[in-house]
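Q: just need the structure, nothing else, for what follows:
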Amino acid sequence: MSKRKKAGSRSQAVENEKRTKRHKRNGRKNGWKPIEWVILLAAICVFLVSGYKLAGIFLEYKAGVDAYDSLQERYVIQGAAPERKEEETQEAVDDLEAFPDIDVNYKALKEINEDFLGWLVIPVLELEYPVVQGEDNDYYMYRTFEREDNRSGSIFMDAWASPDLTDYNTFIFGHNMRNLSMFGKLKLLSRDEELCAENPYFYLYTEDNIYQYLIVSYYVTRDGSSTYYIPVDEEDYETYKKMVLRSTPYECPMEIPEDSPMITLSTCYGAAGGTQRFVVHGILNRMVQTPQYSDTAGIGGE
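A: Okay, here's the model as predicted:
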């Protein structure tokens, strides 16, 4: 009898020990160690900080878009030809029919920023922005037309280019924004070749002249490549132009003008901070004198 009791006691003790071990294992599974709490809190902090930064970037992007939308709304009339002075010839009026019908208040824009050079229009991309030319190519990299700090920056012409657009090749730069603002839409040309077939031109409106450029080439290149070369004479320019036409998958549907200067639109491409660039080359196809609008012409005002 006593032997059975002892055997039962040992069996009970073993069972109790197993139960205790199971509780300990379950405790380790269900409980949190201090290091695990630290890791969790660190992850939460990273998430909150990242969310805060993303919200800041989004708000900055929106501020940039709103600023340029406001400029366009206040200082550019779309789709309604302003009243013109009587001395303007019918020939001049007919010439303007080949150009988007907009009226730019150059004087007002110049008063806001004396570096204002012209108004860029790419109809097929619904892209319109003021173009500035600073003393260097850094100032407007992260400053808007109104000189506010913003990562959207400005659309700016090469600081060392001739402002009268007479160089063989003139560069205009802008950021490739994720929200497709600034030059973010340029890459859409390579994704749909029908865009250029529909309307292969872009325009630059200046106080003296309006320029129409025929898009002849676009492609991905790298910063510092031969694309960023500025020809020094006619022979040099012809060589450069042949290189530009060889580099693109696009076949221009129009006859390419001879002996006309070029504008190259350039933006970043691919991962941020990389060296890839997307460029669009346009050759001057037509130029007309900017019409002298009457003093009473309706202009988007303040």
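
Q: in this protein, where is pLDDT below threshold?
A: Along the chain, segments meeting pLDDT under 70 span 1-31, 37, 48-59, 80-96, 292-302.

Q: strands of that one, residue ranges please.
A: For the chain, the strands defined by DSSP state E occupy 76-78, 102-104, 116-122, 127-132, 155-157, 169-173, 201-205, 209-222, 262-268, 276-289.

Q: paired strands for the first one, with orientation please.
A: Sheet pairing here is set by DSSP bridges, and for strand 76-78 it gives strand 102-104 (antiparallel).

Q: sorry, back to before: want to try a markdown table for the strands of the chain, with distance to residue 234 and mean neighbour count as columns?
A: For every residue, glycine as well, the C-beta is placed using N, CA and C. Putting the strands of the chain into a markdown table (distance: least, Cβ to Cβ, whole Å; neighbours: other Cβ atoms under 10 Å) gives the following:
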| stretch | distance to residue 234 | mean neighbour count |
| --- | --- | --- |
| strand 76-78 | 36 | 17 |
| strand 102-104 | 32 | 22 |
| strand 116-122 | 25 | 24 |
| strand 127-132 | 26 | 23 |
| strand 155-157 | 22 | 26 |
| strand 169-173 | 12 | 22 |
| strand 201-205 | 23 | 22 |
| strand 209-222 | 17 | 20 |
| strand 262-268 | 13 | 22 |
| strand 276-289 | 14 | 20 |
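
Q: as a markdown table, those with distance to residue 163 would be great.
A: Formatted as a markdown table, the strands of the chain follow (distance: least, Cβ to Cβ, whole Å):
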| stretch | distance to residue 163 |
| --- | --- |
| strand 76-78 | 20 |
| strand 102-104 | 16 |
| strand 116-122 | 6 |
| strand 127-132 | 10 |
| strand 155-157 | 8 |
| strand 169-173 | 9 |
| strand 201-205 | 11 |
| strand 209-222 | 12 |
| strand 262-268 | 13 |
| strand 276-289 | 15 |
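
Q: now do the contacts for the nearest residue to residue 211 once chain neighbours are set aside.
A: Distances taken as Cβ to Cβ, 6 or more residues apart in numbering place residue 204 nearest to residue 211, at 4.6 Å, with adjacent residues excluded. Shown in contact with residue 204 (Cβ atoms under 8 Å, 6 or more residues apart in numbering): 118-121, 131, 165, 210-211, 213, 263.

Q: ok, now how distant is residue 279 from residue 220?
A: Distance of residue 279 to residue 220, given as Cβ to Cβ, to the nearest Å: 8 Å.

Q: same deal with residue 161?
A: Distance of residue 161 to residue 220, computed by Cβ to Cβ: 23 Å.

Q: related to what we said a few turns ago, between the strands of the chain, which gets nearest to residue 236?
A: strand 169-173 (9.9 Å; Cβ to Cβ).

Q: how far out from the middle of the chain is the closest one?
A: Computed by Cα atoms, centre = their mean, to the nearest Å, the chain-centroid distance of strand 169-173 equals 15 Å.

Q: what lines up beside that strand in the sheet?
A: In the sheet, strand 169-173 lines up with strand 155-157 (antiparallel), strand 262-268 (parallel) (DSSP bridges).

Q: in a markdown table: those strands, plus distance to residue 103.
A: Converted to a markdown table, those look like this (distance: least, Cβ to Cβ, whole Å):
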| stretch | distance to residue 103 |
| --- | --- |
| strand 155-157 | 20 |
| strand 262-268 | 22 |
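
Q: out of the ones you listed, which comes closest to residue 112?
A: strand 155-157 (14.8 Å).

Q: hang on, isn't residue 229 packed against residue 241?
A: No. Checked against Cβ atoms under 8 Å, the pair residue 229 and residue 241 is beyond contact range at 11.4 Å.

Q: neighbour count: those two, which is higher?
A: More neighbours surround residue 241 than the other of residue 229 and residue 241, with 21 against 13 (other Cβ atoms under 10 Å).

Q: so how far is residue 185 from the more buried one?
A: Residue 241 sits 25 Å away from residue 185 when distances are taken as Cβ to Cβ.

Q: check whether residue 262 really touches residue 168, as I assumed.
A: Yes. Judged on Cβ under 8 Å, residue 262 makes contact with residue 168 at a distance of 6.6 Å.

Q: joint contacts of these two?
A: Common contacts of residue 262 and residue 168, defined by Cβ under 8 Å, 6+ apart, comprise residue 237.

Q: hang on, the earlier thing: what about the strands of the chain, which gets the closest to residue 189?
A: Among those, strand 209-222 comes nearest to residue 189, with 5.2 Å by Cβ to Cβ.
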